[in-house]
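Q: Predicted model, plus sequence, below.
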Amino acid sequence: MNFKIVKSTFVGLFLGLLVINAQAQNKTVTGKVLDAKDGSPIAAASVVVKGASVGTKTTADGSFAITIPTTVAKLVISSVGYSSREVDATGNIAVSLNQTSNQLNEVVVVGYGTRKVKDATGSVVSLGEKSFNKGVIASPEELLQGRTAGVNVTSNSGEPGGAINVTIRGTSSVRSNNNPLYVVDGVPLYGGGMTGSGISVEGSTTARNPLSFINPNDIENISILKDASSAAIYGARGANGVVLITTKSGKGKPSLTFNTTTSVATTAARYDLASPQEFMYGIRKTLADAGIDVTGVGGNDKGYNTDWQDQVFRTAVSKSYNLAWGYSNAKTSLKLNGSFDDQQGIVKTQDLNRMTFGLKYSNQLTSRLKLDVTVNKSSVKNRYAQVTNNAGYQGSLIGAMISYNPTFPVYNADGSWFDNQDGNRNPVAILEGYNDQDTYSKLLTNVSLSYKLSTNLTYKLIYGIENGQTERYTFQSPNMSSAYGQGIINIRGKNYQGSDIGGHGRAAQQFLNQNSAVIEHTLNYDKTYKNGNNLQVLAAFSYQKTTDYYRAKQAWGVAGTTSLKTSWDSYTGGKTDEYGDSTQVELQSYFSRVNYTMKDKYILSALARIDGSSKLSAGHKYGTFPAFGFKWRILEEKFAQNTLGKIFSNFDARLNYGSTGNQEFPAYASLAIQSKDFNGNTSVNTNSNPNLKWETTTTTGLGIDFTMFNGRLNGTVDYFKKSTKDLLFLISYPQPAASADRWVNLPGTVDNTGWEFSIDYQLVRPAYKGAFGWDVAYNMSFLKNNISGFGSTVVNTGGVNGQGLSGAYAQTIRDGSPLFTFVMPTFLRFDAYGNGVYANGSKDELQGSALPTFNAGLTNSFSYKKLTASLFFNAVTGFYVYNNTANALLLKGSLKTAHNVTRDIIYNIENSINPGNVSSRFLEKGDYIRLANASIAYAVDVKPGSFIKGLNLTLSGQNLALFTKYSGLDPEVNVDHSLNGVPSRGFDYTATPRARTITLGLNARF
Amino acid sequence: MKNNFIKQTAIYVGAIALCIGQVSCSKLDEKVFGSKSVATASAGSNSADLNSVYGKLNELAGQGNWFAFQEHSTDELLGPTRGTDWDDFGTWRKIHLHAVDGAHNQLYDTWNGLNGALFAATLVAEKSTGAAQIEGKFLRAFIATQVMDLFGQVPYRSATAGPDDIPEVKTRAAAFDWILADVDAAIAGLPDFGTGSDNHKANKQAAQFLKARLLLNKAVYKAAPATPAGPYTFAAADMNTVISLVDAITAKGFKLSKAYWDNFKWDNNTASTELILSRATNGAGNKNQTGGNADVTWATGMGTHYNQAFSGWNGFTTTSDFYNSFEEADARRYTALPLMTELSGFNAGFLAGQQYKYDNGTKVMVKDRSGSPLIFTPDVSLFFSTEAKGIRTMKYPLKGDQMSFNAENEFVLMRYSDAVLMKAEAILRGGTATNNETALSIVNAIRARSAATKLAAVTLTDILAERGRELYLEAVRRPDMIRFGVFNNPVVERPAKSDGFRVVYPIPNQAVSSNPNLKQNFGY
């Protein structure tokens, strides 16, 4: 209910009555009142003379006719649920009304409850289905990418289901990931990686995205708690922000929904590799330039013309099916959901198959007791290609694809993989010689009972269980030569060897079990006083226990066969002992929150959470995280109505402050742990710290929310400063000791300061239903990151991989610089001999950071008749990318050793003996603008009362265009090059390229 | 109404409290599973802890860290950058150029590796009793010697130190006395070397060897911190002790192996009569060594070319001067070994000239990666070398059919011919000859075994040269050159004399900032 409209209507009626009695000359004004959003007519809207009570109501088609004195200049049009408007009282007029009040009354999900938008004191962004990205979506973060200010979503590569980084309001942790806490239907997720690393051809792989088990079709809403005053309700886990995912529930009459999509994806960009002719020319020229005898060079030309990129990439076809049925009535609601996804990656053998089942049930058992049950069960099958983060000179799949000789054939005459016996790897052998798959099944259940103790007091018990199980099998063909890394196996100090390890096939099995149980008791008091003031008090206790158990085994030797066997039992040559690890973490919290709304214009929220974690030292296990938020709805003040009120129809100011903790660090960090290896030897491997305490992030924020132009423009401006101190970090420990380092709370602060702007503007309002409409949504954020008080501590990270690059690194964490600042000599040019010339005697110099300073998203939505269309652009600037691919592979020296390169290398003046030192030669600005998402949808006409209630067709495209000066394939890339457990950012190294995807979708409601 | 509300609230709050009590209210103590446990006060007191200290010795068998610091800094080895290969952030080059600073990556790794082993040994030496304690003391002395030798200062953390205690730091001179006390306890308490695999464990002769090495270098270790490069004065009494210790080792039956390569090839465990302390490696027969196995394949792989029978990393080479210091007939320079050469094309010693391998029984020329014949040449440039530059080494010859990562060779830590050469040197440094042996007779016995011509006379300079030829790549070259006062002199690809303070490496920056008791070494 909008008090303002009611009030003005009443005032208007009263004044109107006075005017009716007056005698005057009359005129007739006619017109039509329409919904500004979709142009539909508004019936029963009141049309009143300004300053009087003379009025009428619109008819069912929204039209009106009113006879008024000629002296009347203005009419006031209003309707419940819409903001009122003044129009000139002349002729025939069309008036559009906005549903602004609805937006303010919209409910957003916040931690442990919901709030109306107008009452929310913090920075909370709520995204519904309409605002989600469309197309092939492997996990929920992809729905959000670019859509909200201050939320930076970066997928590490183009691998389906691959890891995604989500940073909310900047990177505050110097270690581990900065991913937010995810809460699905009230249950905080465990958040650990979901698979083992496999035995790959070389190097390690990044953990899979832990959220890919969620069916994106089943998500109704995603709320992001950006500021500490909102996130603090999740205390120790809220430092990186909180993402609340609400799944769909049954609504209204029983209805069945069916969605299906089919999509086609191709590589958005490829490497511009040399052709066989150019390649041979390049080798000859390179060797001749170096004064080396070229007589033997012809041996490198095997006479074939193989495009290894064609051999590795494919046109990927993905399908998804989703079926949902649900209903609700006064007492119960039920929603059932099933889906099946078959996603192909653009790299052959990369697949993701997902089946999900969801149930959401709610029953008001008695007038006091309510039961809610949510069950999400999913099973995801991944198949992997051997794309790794840190392969050496032989490369994993993509590295081999770039550098393998293009004159080589794929296969020998007998069908076996071609192998030149030169230590290089045939990419097709890497693809076909491995079978690397995992299956993970996840069960997420949540049962809650709430009991209304009195009119105002409700008790709620929530019990949630998250159970994940992963099985990964990696099989390696016996036909792979030693170049494919079939060496000795060393596990926990024990060497396994035997003549049947190499060249007889190998297999690895890995299991990962994760269990998490949450139990929460909450007590909610909610009272609205006679004067309209409202008090909400929450008191709660929460306990969560997570355990995970990883175990693995390897086996080798397939008797009497030369083909790849994909059954564990075939590997009978020998096997290792089973090895693994278990960890258990407990969290226990007490928290309380008070919300008070006074006169609908002062809204106060205060909360405190006491969190305990088993990971911290005895005596330091608990931390207290307080927060408060205040909102002032300025236009409710009389004095503002004639000033600000002239420009704005709504104007709120927000202030918030809060502290949160971060517990993304390993278990047992505070203890000295003794472990036993497979030889039975025991040793103490870690150093204890009896004073390990919480790392805390304090955020102060200011913001305004405003509405202008009669609701056509909604905007938000936010400023924040986020400071993280007592940084938990693994740092050098004075020797001699059990290990080189230990976890401590470092002195120093990581500061993130930023501005966020977002605007929704209805640029063209449809004059009537079906007329052309154009909405623009724009968001942008500016971010600054800095470390201070770090002293002389310098932590290096960002290991650079490749031949001749052992021990190389390119990033640093140090006082006075942003996190992930690159450090390396500045490259000037090649000298006359083609050797690199570097500034200042090749000294390491601080370069830019990998963290973007600017992010923007622009959405244009159009509607016309039954068509809707949207275009979404995403821009990210102010960051650097280290092109490790170029550093390792795209050098003149690669040609000398008969490795292929991109065409520009053949013709550049580099000397073949110039070492590929880490330098700014390979550091590039990553600024880009991407046409990330475009879609066009058509709502098919269905006759009222027919079997089908609605039918929509959608055509959408992802990653349609990329504008950048970056020389690699895509500057949005983040291959994990962490060093000694310190994370890195912004490295591009032979990652799975990003796809361009076109999707056709159909949505039917029955 | 109000009363009712309060009452209801009280009841339910009570109920919740009860509920909490039942399901949780955890103390939040961490639970540890499986192979892990929370270390208790007794950690270090059982044999499994001792075995893990032996395991730490395996880390000495590698191409980097300790080995690299002892060898790349000398005339024996260098790591040339070969275009896109082996630049490695200059990590090898800086050692050869005597340009290591506190930020050097291998310096930090070596510091942590050696000190980690030192602490594990301290736990055993201070927590256990009886024989295990003596073994712990020997191992601690052996490891602490390496720390003292490379870094000068030696930090010490007692087994009972609290987690926030800052370790005390012993000066090089104080560390020397501290180590010697452990060694004397080991000599008194350890059993004599018997037979079989005693070379895998601490034994009295190993302790005697260690003491001899310490005393021979005493003048170096006791030098004033500001003049670490000497000149040194060697005390005759110490030299006589060295001689008597070597004689004691000889008395237990150690003698020169018949052939030089018996000490290193795949069956050196049985063929050699010189192994006082060594580590078993990956061979099929060596699975159950205390403390796990070492790996000597680095020693082969660091130099061999990708296309050779053992596909190595085409890395390190010796210098031309060092290669040329051998007579052509010297078996230590070149020996064709049965069961190796005719299967793999490799020889023991140095790999020079055209390389060969066998392709289905046929001897073929090895080619480089651009298809040209692979010919190793003695000239090499530290910054700009091509693929085939530099003479490679084959110190641990691999059996022809074991050209993979299951080498069976023992990794040598203390060898008898080193002991007798110490005796020869001690005699020349003022000790008294015993057992009718002279410095010349000792050196000539060693030369004769490898078909090198006998010397007519022997000087200290000859001893250094002979130690080079006999003990190359056994990680003694750097201390030898320091003791003989020539470490800072120019060598191939290091044209300028380096500063005297470079005979001690710097303390890693991170270590200096983590321990206020550690002061950076003089000159750095």
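A: Now that the structure is in, tell me what you want to look at.
Q: mind listing what's buried in stretch A:615-634?
A: The neighbour-count check on stretch A:615-634 (16 or more other C-beta atoms under 10 Å in any protein chain shown) flags A:615-617, A:620-623, A:625-634 as buried. Placement of C-beta: from N, CA and C, glycine included.
Q: So which of these are in strands?
A: Within these, residues falling in strands by DSSP state E are A:Tyr622, A:Gly623, A:Phe625, A:Pro626, A:Ala627, A:Phe628, A:Gly629, A:Phe630, A:Lys631, A:Trp632, A:Arg633.
Q: Could you restrict the buried residues of stretch A:615-634 to the ones contacting chain B?
A: A:Lys615, A:Lys621 (C-beta under 8 Å from any C-beta of the partner chain).
Q: Which element, helix or strand, includes the closest residue to A:Asp581 other than its chain neighbours?
A: Nearest residue to A:Asp581, sequence neighbours excluded (C-beta to C-beta, 6 or more residues apart in numbering or on different chains): A:Tyr550, at 5.4 Å. Assignment of secondary structure by DSSP states H and E places A:Tyr550 within strand A:534-558.
Q: Given that strand, what are its sheet partners and their directions?
A: Take DSSP bridges as the rule and strand A:534-558 pairs in its sheet with strand A:506-528 (antiparallel), strand A:571-575 (antiparallel), strand A:579-598 (antiparallel).
Q: What residues sit buried inside stretch A:406-425?
A: Neighbour counts over stretch A:406-425 (16+ other C-beta under 10 Å) mark A:Pro406, A:Thr407, A:Phe408, A:Val410, A:Trp417, A:Phe418, A:Asp419, A:Asp422, A:Gly423, A:Asn424, A:Arg425 as buried.
Q: out of those residues, who's nearest chain B?
A: Nearest to chain B among these: A:Gly423, at 4.7 Å, using C-beta to the nearest C-beta.
Q: Can you report phi and psi for that closest one?
A: The phi and psi torsions at A:Gly423 (degrees, to the nearest 10) take the values phi 90, psi -10.
Q: now it: how far from A:Tyr434?
A: Distance of A:Gly423 to A:Tyr434, computed by C-beta to C-beta, to the nearest Å: 18 Å.
Q: try A:Val153
A: For A:Val153, the distance to A:Tyr434 (C-beta to C-beta) stands at 30 Å.
Q: what about these two, which has more around it?
A: Between A:Val153 and A:Tyr434, counted using other C-beta atoms under 10 Å in any protein chain shown, the more crowded position is A:Tyr434 (26 against 21).
Q: How about the contacts made by that one?
A: Contacts for A:Tyr434 (C-beta atoms under 8 Å, 6 or more residues apart in numbering or on different chains) come out as A:Ser200, A:Val201, A:Thr349, A:Ala385, A:Gln386, A:Thr474, A:Phe475, A:Gln476, A:Ser477, A:Leu564.
Q: ok, B:Ser370 - contacts?
A: Counting by C-beta under 8 Å, 6+ apart, B:Ser370 makes contact with A:Ile283, A:Leu287, A:Ile292, A:Gly296, A:Val297, A:Asn300, A:Lys896, A:Thr897, A:Ala898, B:Glu387.
Q: What helices and strands are in contact with the helix or strand harbouring the first one?
A: Same thing as A:Ile283. For A:Ile283, the element it lies in under DSSP H and E is helix A:276-289. The helices and strands touching helix A:276-289, judged by 3 or more C-beta pairs under 8 Å, 6 or more residues apart in numbering or on different chains; DSSP states H and E, are helix A:892-896, helix A:903-907.
Q: Out of these, flag the one nearest chain B.
A: Nearest to chain B, of all those, is helix A:892-896, at 3.5 Å by C-beta to the nearest C-beta.
Q: Tell me which residues are up against that closest one.
A: Contacts of helix A:892-896 (C-beta under 8 Å, 6+ apart): A:279, A:282-283, A:286-287, A:290, A:292, A:403, A:834, A:900-901, A:905-906, A:908, A:910-916, B:83-85, B:369-370, B:386-387.
Q: low-confidence ranges in the stretch 51-200 of chain A?
A: The model of the stretch 51-200 of chain A has pLDDT under 70 over residues A:81, A:99-105, A:176-177, A:191-200.
Q: so what's the one residue sitting closest to the centre of chain B up against?
A: Central residue of chain B (C-alpha atoms, centre = their mean): B:Leu60, 4.1 Å from the mean position. Neighbouring residues of B:Leu60 by C-beta under 8 Å, 6+ apart: B:Trp66, B:Phe67, B:Arg279, B:Ala294, B:Phe411, B:Leu413, B:Ala475.
Q: Repeat the analysis, applying 10 Å as the threshold.
A: Contact analysis of B:Leu60 by C-beta atoms under 10 Å, 6 or more residues apart in numbering or on different chains lists B:66-67, B:70, B:113-114, B:117, B:142-143, B:146, B:279, B:294, B:411, B:413, B:475.
Q: State the phi and psi torsions of it.
A: Residue torsions, per degrees, to the nearest 10, at B:Leu60 are phi -70, psi -20.
Q: Show the model's pLDDT score for it.
A: Note on B:Leu60: pLDDT of 91.
Q: Likewise for A:Ser482?
A: Note on A:Ser482: pLDDT of 65.
Q: Check the one 3 residues further on too.
A: In this prediction, A:Gly485 carries a pLDDT score of 59.
Q: Without its sequence neighbours, what residue ends up closest to B:Leu180?
A: Closest residue to B:Leu180 apart from its sequence neighbours, by C-beta to C-beta, 6+ apart: B:Leu214 at 6.1 Å.
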